[in-house]
Structures are given as structure tokens and as C-alpha cells.
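1. no sequence on this one, just coordinates:
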């Protein structure tokens, strides 16, 4: 298994992975141009995992200068339970820490029991004191 920085050239394979992964919610924010902008603005924080030349995992990561964010961590079903999700998350956290970011957030759909179980297992806490609020602008 080989992990490297995500590049925009990976987009088609990554978006196919995200679309085929339960619990991942995509929107117009995940268009190729928006992901290109995100990767340029947050260069070197997002990762992909490859087995041979097959993409088997991916995570989008970045920060706003004070907090880090992980989005859309996904591992192909046949490669789950091998520690790959943890390696991807930890790799992003290491990069964020080196950039001076000391706290990171993720967004998990309330109904995504598989995702919540994974994140809890690797040490993330569900916060009950916050609600996410969104507005299209």
C-alpha cells in the first residue's frame, strides 16, 4: 500500500470512490474546479492510497489557519479493517500539526453508523454541544 499527496489528476478516480462509498455526501462543492481550488489552497494536506495502480482510499484535508478539517475519508470496502483509514487520517493530522494546526474537525452524517464507529474507534469524540448550520450564498 502506497500513500501520497492527492493531485487534481486523481479527481476522476477519487470522485468515483466517494460516490460509491456509503455515508459520503457530495454536492456542487465537490466539482473538479472546486476540488482543484481546495487542493491549491491547501496544498499537500489531502492524501490518496494506492495498491499497485488502483486507488483504494482518499481523504480531502485542509485548514483555515486555526482549525483543520478532514472531508470525505473513504476506503474501498475490500480494504477496510486493514488500518488504511487510520493511516490516511493520521497522515493528514501529522501534516496539519506541522503547519501549526492543533485541532481538527470532521463532519459525519448522523445516520452514518459505520463512519461514527470508525472515527470513535480511532479516538475522535462526538460533540453534543454544537450544531452545524449552513447557508448557500
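-> Noted; the coordinates are in hand. Bear in mind the structure is a predicted one, so any value in this text is a computation, not a measurement.

2. Could you give the backbone dihedrals for residue 97?
-> Dihedral pair for residue 97: phi -60, psi -40, per degrees, to the nearest 10.

3. Same question for the one 4 residues further on.
-> Note on residue 101: backbone dihedrals following degrees, to the nearest 10 are phi -90, psi 120.

4. thought it was touching residue 68?
-> Yes - using C-beta atoms under 8 Å, residue 101 is in contact with residue 68, at 4.5 Å. In short, each C-beta sits where N, CA and C put it, glycine included.

5. Who has more neighbours out of those two?
-> Between residue 101 and residue 68, residue 68 has the larger neighbour count (other C-beta atoms under 10 Å), namely 22 against 19.

6. mind checking how far the more buried one is from residue 120?
-> Plainly put, residue 68 is 19 Å away from residue 120 if you go by C-beta to C-beta, to the nearest Å.

7. Buried residues, the lengthiest strand in the chain. List them.
-> The single longest strand within the chain, with elements called by DSSP state E, is strand 54-63. By neighbour count on 16 or more other C-beta atoms under 10 Å, the buried set for strand 54-63 is 55, 56, 57, 58, 59, 60, 61, 62, 63.

8. now do stretch 70-88
-> Of all the residues in stretch 70-88, those buried under the rule 16+ other C-beta under 10 Å are 70, 71, 72, 73, 74, 75, 76, 79, 84, 85, 87, 88.

9. quick one, strands of this structure?
-> 2-5, 47-51, 54-63, 68-75, 104-106.

10. Of all these, which one is nearest residue 38?
-> strand 54-63 (6.3 Å; C-beta to C-beta).

11. Tell me what angle the closest one forms with strand 47-51.
-> 170 degrees (axes from the mean of the first three to the mean of the last three C-alpha atoms, to 10 degrees).

12. from the chain's centre, how far out does strand 54-63 sit?
-> Relative to the centre of its chain, strand 54-63 is centred 5 Å away, using C-alpha atoms, centre = their mean, to the nearest Å.

13. No further queries at this time; thank you.
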